[in-house]
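Engineer: With the sequence up front, the predicted model follows.
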2 protein chains.
Amino acid sequence: MEQQQKKSPGRQSFSFDRGVYVSGMASVAGKLESEGPLGAYFDIIGKDDMFGGKTWEEAESNMQLEAAKHAIGDANLSPDKIRYMAGGDLLGQLIATTFGVEKLSIPLLGLYGACSTMGESLLAGAVLVDGEYTNHALTITSSHFAGAEKQFRFPLAYGNQRPMAATWTVTGSGAVVLSSTKGKYNVRLSGATMGRVIDYGIKDSMNMGACMAPAACDTISCHLDDFHLQPDYYDRIVTGDLGVVGKEILLALLQEKGFDITAQHMDCGIEIFDAARQKTDAGGSGCGCSAITLTGYLLKKISEGVFQRVLFVPTGALLSTVSFNEGNSVPGIAHAVVFEYCGK
Amino acid sequence: MEQQQKKSPGRQSFSFDRGVYVSGMASVAGKLESEGPLGAYFDIIGKDDMFGGKTWEEAESNMQLEAAKHAIGDANLSPDKIRYMAGGDLLGQLIATTFGVEKLSIPLLGLYGACSTMGESLLAGAVLVDGEYTNHALTITSSHFAGAEKQFRFPLAYGNQRPMAATWTVTGSGAVVLSSTKGKYNVRLSGATMGRVIDYGIKDSMNMGACMAPAACDTISCHLDDFHLQPDYYDRIVTGDLGVVGKEILLALLQEKGFDITAQHMDCGIEIFDAARQKTDAGGSGCGCSAITLTGYLLKKISEGVFQRVLFVPTGALLSTVSFNEGNSVPGIAHAVVFEYCGK
């Protein structure tokens, strides 16, 4: 006989009823990001994009270490109080994370969800806290413009032309400490929806928004169904890095499923840059894009009560240069996390 | 005030008291593996190493899909009954997993722990079942000799010389279904220890055993400390792919910490090939090595009561060609999982 899955409503969602709270956070950002519309919100700005490293990959590792330390300090904790961490990055074999966090000596659940990683790590961290396996979990991710371009596209010095649908990988790292008791922030993580791999057969790696929009649609509609909600339950439904092209596709796909999220939708990739002035084409992307928009801006606004309920849905494009060059499609995945204001 | 972390004994371990059972399993193996000492135990053998794919990466994806389907069927379930899966592989951006499991339409927690991934996925899957988030979780991983060589080392056609410390990446995929109720197997997953990134500064990517042994030592000694156990509590302490070089280092490092596991130690990399006859040098390696040794051999022996208690500790070497070529060390990580006989 099947036992009841009491913490798992609907098809693929989680309800965190024990109480999982945001107790610390950090946003580390590069120069271009600091000059964008959210620049004033970030905790740490690099004076250049090397963050004291000799290579781009080392720069990204250093950003992650900075973000981790800042978030742990922000939660008024020391690394030895963090029993588990969940994190990852875009680079092959997660080298930014490996070399970034090894000095902290915290057990690591290494994750890969492409640019959905901040959602995936928050989901995994919340399970560890809600499931009573730890009082504190660190969740973290990062991306670096130069490291990502080098890995996924062309050498920077080659100066290839960028189509208008291309997005600009954000240089940044975001970290959140989740705890079983409320700290100084009025933010609770109350639920989540784990995404499936969704493949519409799109093969244009310069149009990531189109590749990821179907996954965002699947996770958002599934979330609303699982919890029996309408979009207006949320003040904001926030995707990670669809950009202007992906946003349009997402809204249209959700309309087909009977959900109109036009009034609630926000995309971190659109918010983080002033695309016309900063020449970032369709918007920002990368694990760091949604991570620092969340930790720099969104969580602070929720803690202040400006937003009461936010559905955070980072989106990832699942490709490698190998799969792409072998003619494969670019499937997407999106993981959703619910943040609620819990002051007063 | 700190709440008690009742499901988390010691520094970095988990105790799964609700009951997490192995309800289904699968081992898919390549030709060389089928000719080794464990050949008779594997469920599915490829007639060649392409598994119906046009590329090595597609071959690996096909193996994962085969393993997933077989394990789900073995548990007498259908894919829609599996609420969550946790899995990954060695390839950049986890493309073997992405393209392998997308057809199953199961929410995916994408993991990267290099060759420790089978341990990591079992740990994550057990948390989801023990924490009452699902009644059934699928855990899975794979590796492919040719895909791994192409990615991490030299083109196969180049025919480079292999030093004696080199290991041979196993072509195989293993999958386990974990459930909240006991099925036909007498195997319970009762605990786990999440590993930390351990870096002894070793830079030889042709000697993975030496890179990973310190991580195995850290996780095993931490596990024994956390649960207040001596090595003889276990019938076997099984590492993933240290090979003959790494085994010697592990035994010596653990001696220094006061633990003698000589009598209990077994290494999947040593068991899976007859190294002298099959010319596999120091032994097998890759995510698939520990995965199919577990699902083909170990779990069946536990279910029969031949082994009563086994500590399964797959080990991963955390490197990419980028980090290696930039002169970085090769850190290791190891995740441990406890299996117990639960018949009669």
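Structural biologist: Perfect, I can see it now.
Engineer: Centre of the chain to stretch A:258-276, how far?
Structural biologist: 15 Å (CA atoms, centre = their mean, to the nearest Å).
Engineer: quick one: buried residues of it?
Structural biologist: Residues of stretch A:258-276 classed as buried by neighbour count (16 or more other CB atoms under 10 Å in any protein chain shown): A:259, A:261, A:264-273, A:275. All C-beta atoms are positioned from the backbone trio N, CA, C, and that covers glycine.
Engineer: For that stretch, C-alpha coordinates in PDB please.
Structural biologist: What follows is stretch A:258-276, C-alpha atoms only, in PDB (Å, rounded to 0.1, in the frame of the first residue of the first chain):
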ATOM      1  CA  GLY A 258      -4.900  29.000 -19.300                       C
ATOM      2  CA  PHE A 259      -2.500  31.000 -17.200                       C
ATOM      3  CA  ASP A 260      -1.900  34.800 -17.700                       C
ATOM      4  CA  ILE A 261       1.100  35.800 -15.800                       C
ATOM      5  CA  THR A 262       1.700  39.100 -17.700                       C
ATOM      6  CA  ALA A 263       1.000  41.200 -14.600                       C
ATOM      7  CA  GLN A 264       3.300  39.200 -12.300                       C
ATOM      8  CA  HIS A 265       6.100  38.200 -14.500                       C
ATOM      9  CA  MET A 266       9.600  39.500 -14.100                       C
ATOM     10  CA  ASP A 267      12.800  38.200 -15.600                       C
ATOM     11  CA  CYS A 268      16.200  38.600 -13.800                       C
ATOM     12  CA  GLY A 269      18.000  38.800 -17.200                       C
ATOM     13  CA  ILE A 270      15.900  41.800 -18.200                       C
ATOM     14  CA  GLU A 271      16.200  43.500 -14.900                       C
ATOM     15  CA  ILE A 272      19.900  43.200 -14.300                       C
ATOM     16  CA  PHE A 273      21.100  45.200 -17.400                       C
ATOM     17  CA  ASP A 274      19.900  48.300 -19.200                       C
ATOM     18  CA  ALA A 275      20.300  46.400 -22.500                       C
ATOM     19  CA  ALA A 276      20.200  49.400 -24.800                       C
END
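Engineer: how about the helices in the stretch 101-250 of chain A?
Structural biologist: Using DSSP state H, counting those that start in this stretch, the helices of the stretch 101-250 of chain A run over A:117-130, A:145-152, A:208-226, A:243-256.
Engineer: I'd like those written out as CSV, with mean pLDDT and distance to chain B added.
Structural biologist: What follows is the helices of the stretch 101-250 of chain A, written out as CSV (pLDDT from 0 to 100; distance: least, CB to the nearest CB, whole Å):
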stretch, mean pLDDT, distance to chain B
helix A:117-130, 98, 6
helix A:145-152, 90, 7
helix A:208-226, 96, 9
helix A:243-256, 96, 17
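Engineer: got a list of what A:Gly113 touches?
Structural biologist: Residues in contact with A:Gly113 (CB atoms under 8 Å, 6 or more residues apart in numbering or on different chains) are A:88, A:119-120, A:195, A:314, A:316, A:333, A:335, B:110.
Engineer: likewise A:Ile302?
Structural biologist: Here A:Ile302 is in contact with A:186-187, A:308, A:310, A:339-341 (CB under 8 Å, 6+ apart).
Engineer: and if we set it to 7 Å?
Structural biologist: A:187, A:310, A:339, A:341 (CB atoms under 7 Å, 6 or more residues apart in numbering or on different chains).
Engineer: One more: A:Leu319?
Structural biologist: With CB under 7 Å, 6+ apart, A:Leu319 has these contacts: A:205, A:330, B:93.
Engineer: count of residues packed around the residue lying closest to A:Gly119 once chain neighbours are set aside?
Structural biologist: Leaving aside its sequence neighbours, A:Gly119 sits nearest to A:His335 (CB to CB, 6 or more residues apart in numbering or on different chains; 3.5 Å). Using other CB atoms under 10 Å in any protein chain shown, A:His335 has 31 other residues around it.
Engineer: Against A:Asp43, how distant is A:His335?
Structural biologist: Distance of A:His335 to A:Asp43, given as CB to CB, to the nearest Å: 24 Å.
Engineer: Would you mind listing what in the stretch 151-300 of chain A touches chain B?
Structural biologist: When proximity is defined as CB under 7 Å from any CB of the partner chain, the stretch 151-300 of chain A approaches chain B at A:180-181, A:194-197, A:199.
Engineer: Run through the strands of the stretch 51-200 of chain A in chain order.
Structural biologist: For the stretch 51-200 of chain A, applying DSSP state E, counting those that start in this stretch gives strands covering A:84-89, A:108-110, A:136-143, A:168-169, A:172-179, A:187-193.
Engineer: Spatially nearest residue to the closest residue to chain B within the stretch 201-344 of chain A (excluding sequence neighbours)?
Structural biologist: Closest residue of the stretch 201-344 of chain A to chain B, CB to the nearest CB: A:Ser320 (4.0 Å). With CB to CB, 6+ apart as the criterion, A:Ser320 has its nearest non-adjacent residue at 4.0 Å, and that residue is B:Gln93.
Engineer: what do you get for A:Gly110?
Structural biologist: Leaving aside its sequence neighbours, A:Gly110 sits nearest to B:Tyr112 (CB to CB, 6+ apart; 4.5 Å).
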